[in-house]
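**Student:** Show me how the following folds:
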Amino acid sequence: MKHRRISRKGVATAGTAVLALVAAGVTFQTANASDAVPEFTARSLSAQSAGTLAADLGKTLGADTAGSYYDAKAKNLVVNVVDEADAEQVRQAGAKARVVQHTLAELKSARQTLTDKASIPGTSWAVDPVSNKVVVTADRTVDGAAWDKLSKVVDGLGAKAELKKSAGEFKPLIAGGDAIWGSGARCSLGFNVVKGGEPYFLTAGHCTEAVTSWSDSQTGAEIGANEESSFPGNDYGLVKYTSDIDHPSEVDLYDGSAQEITQAGDATVGQTVTRSGSTTQVHDGEVTALDATVNYGNGDVVEGLIQTTVCAEPGDSGGALFAGDTALGLTSGGSGDCSAGGETFFQPVPEALDAFGAEIG
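**Tutor:** All right, here's what the predicted structure looks like:
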């Protein structure tokens, strides 16, 4: 029997624990930073290597850590610290040290305050290591009493938080697209995976919560049925292949070629990532934050997301976020579109693989 092949339509880009300075004219002399420190030669690193070094330094510094990000132009890891003793450790490890006001623990406490007092539909928040603040974003639906409430909570956090307004609307991207179909809904296939020697694929949990089986065309036969799903809270779903169909471990690049995927990894703030989606095809962007919380307008809350500048539109949901041959995320939702831009959030792939006991393959 000839094997049909399902293309990786609906893929998205993302990144992990460190943020980049790529805009022209941006320097390290941001608010709360001290530039009265000696200069040391920092190692030239890839985004992936910077993420690994950031994780190691985070363990070494413990409660004194204040976050980190990748300077994509200089190819250096920048680590925020709160005193000169910690700065010396950072420099010796080959990264740039930056003395700031707030520890990561203080910023996480500010996040908890937002969760307790300002979980308003249409809002999101994440720690921004460049500004050393929690950046809170309200979409266009947040106004009147809701805006007043949110502003009051953010103002109460003082220098630890900053409030922004988005022109778009935060929503899961479940409609539109043509990658995988089920019960009138259209989403995108993320990554092919293996569990117990059997073939499966990952997609968004808000897709698998709404649909139980999938086809590769609007009126086609079933190719897969849902096995597990987690949404809200998380946003990942696992679908078991039920048909005799080829399932390569690759992502469709929409130019007649595909990107092979050999592993899953964590994103890094400042990392350049790529998303390939069934609606908007291939787009690039940057990881701007990790562990983001999004309060979608329908009341669903998802935590632990990768925040990026990559655009996405309805139908891209579930699609893959990747960097080179590394799977990073599954498209969850966001605001804006590929004409106007906006924020897009991704469910980290390693977390989904761990939850399902699956692996890239």
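**Student:** now the strands for the stretch 251-361 of the chain?
**Tutor:** Using DSSP state E, counting those that start in this stretch, the strands of the stretch 251-361 of the chain run over residues 258-260, 263-264, 272-277, 281-295, 301-308, 320-323, 326-334, 344-348, 359-360.
**Student:** So which of these is nearest Q89?
**Tutor:** When the strands of the stretch 251-361 of the chain are compared by C-beta to C-beta, strand 281-295 sits nearest Q89, at 22.1 Å. For the C-beta atoms, the positions are set from N, CA and C on the backbone; glycine is no exception.
**Student:** For the closest one, buried residues please.
**Tutor:** 281-283, 285-295 (16 or more other C-beta atoms under 10 Å).
**Student:** can you put the strands of the stretch 251-361 of the chain in TSV and add distance to V211 and mean pLDDT?
**Tutor:** Shown next, in TSV, are those (distance: least, C-beta to C-beta, whole Å; pLDDT from 0 to 100):
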stretch	distance to V211	mean pLDDT
strand 258-260	25	91
strand 263-264	24	96
strand 272-277	17	94
strand 281-295	21	95
strand 301-308	18	96
strand 320-323	18	96
strand 326-334	15	95
strand 344-348	17	97
strand 359-360	23	96
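**Student:** What residue spans form the domains of the protein?
**Tutor:** Domain assignment for the chain by automatic domain parsing gives 1-21+167-361, 47-99, 121-165.
**Student:** how about these, which one is nearest R111?
**Tutor:** Comparing those under C-beta to C-beta, the one sitting nearest is domain 121-165, at 5.7 Å.
**Student:** before we move on, back to that, relative to S188, which of the strands of the stretch 251-361 of the chain is closest?
**Tutor:** Closest to S188 of the strands of the stretch 251-361 of the chain is strand 272-277 (C-beta to C-beta; 5.6 Å).
**Student:** coming back round to it: the domains of the chain: which one's closest to T113?
**Tutor:** Ranking these by proximity to T113 (C-beta to C-beta) places domain 121-165 first, at 6.3 Å.
**Student:** I'd like the mean pLDDT over that closest one, please.
**Tutor:** In this model, domain 121-165 carries a mean pLDDT of 96.
**Student:** In contact with A292: list those residues for me.
**Tutor:** Neighbour list for A292: S124, W125, A126, E303, G304, L305, I306, Q307, F345 [criterion: C-beta atoms under 8 Å, 6 or more residues apart in numbering].
**Student:** Include distance to S188 and neighbour count when you put these into a markdown table, please.
**Tutor:** Converted to a markdown table, the contacts of A292 look like this (distance: C-beta to C-beta, whole Å; neighbours: other C-beta atoms under 10 Å):
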| residue | distance to S188 | neighbour count |
| --- | --- | --- |
| S124 | 22 | 28 |
| W125 | 26 | 27 |
| A126 | 24 | 25 |
| E303 | 22 | 15 |
| G304 | 20 | 15 |
| L305 | 17 | 27 |
| I306 | 16 | 35 |
| Q307 | 19 | 30 |
| F345 | 15 | 32 |
